[in-house]
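Participant: Here's my sequence, what's the structure:
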Amino acid sequence: MMDDASRDSLPDGFDWDHLRSAGESVADPGGELRRSYREPEERMPAIEPLPPAQLLAEARRLSAARLIRDRLFGRDLFPNPAWNILLELFVAAEEGRNVTIKGACVAAAVPQSTALRHIAHLIEVRLAARAQHPSDARSAYLKLTDRGRAKMVGFISLSAAHPDPTHA
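Facilitator: Numbers count the residues shown, from 1 in each chain. Below you'll find the model as predicted:
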């Protein structure tokens, strides 16, 4: 708490609301993610999902394109940890692999604390779910929920069918 002498040393018109907001974001670093997420209002047109093999191939292509982009431009220019995690979870599920929480953090391509905030957010918005490892209580998996998988199938199918978004 700031005392009166400290407050008097601040310039007139100091934005206390901004300071309070900044303090709250430090106290709850994932709060900004929760407040910023809005379920899209516009619904995309219905599209026939791609066959499983084609879905997997397209998801791998998207993942490879992301890696190429990061190598050419640097990871810092296009940080998108939630998308990186969703792509990894989708490809892993299609290949029959499990992704540990640690593996999801690596896929996010950001510091672990940032990745964990994004994982928590993906769980909160019901796109991913945490599943306990069957034999190791110290380990957990991250999986797409049915909702998360449906959204990924929709995105991959729609983007493959309409590579030019102006015609979607």
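
Participant: which residues in the protein form strands?
Facilitator: 99-100, 128-132, 140-144 (DSSP state E).

Participant: Which stretches in the chain count as helices?
Facilitator: Per DSSP state H, the chain carries helices over the ranges 4-8, 16-27, 31-36, 52-73, 81-95, 101-108, 112-124, 146-161.

Participant: Please identify the most buried of these.
Facilitator: Ranked by mean neighbour count, these are led by helix 81-95 with a mean of 21 (mean count of other Cβ atoms under 10 Å). In this view, the C-beta of every residue, glycine as well, is placed from N, C-alpha and C.

Participant: okay, that one in CSV with CA atoms only?
Facilitator: The C-alpha trace of helix 81-95 is given here as CSV (Å, rounded to 0.1, in the frame of the first residue of the first chain):
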residue,chain,number,x,y,z
PRO,A,81,1.9,-20.5,-28.5
ALA,A,82,-1.7,-21.5,-28.3
TRP,A,83,-1.8,-22.3,-32.0
ASN,A,84,1.5,-24.2,-31.8
ILE,A,85,0.1,-26.3,-29.0
LEU,A,86,-3.2,-27.0,-30.8
LEU,A,87,-1.3,-28.0,-34.0
GLU,A,88,0.9,-30.4,-32.0
LEU,A,89,-2.1,-31.9,-30.1
PHE,A,90,-3.9,-32.4,-33.4
VAL,A,91,-1.0,-34.1,-35.2
ALA,A,92,-0.2,-36.2,-32.2
ALA,A,93,-3.8,-37.4,-31.8
GLU,A,94,-4.0,-38.3,-35.5
GLU,A,95,-0.7,-40.2,-35.2
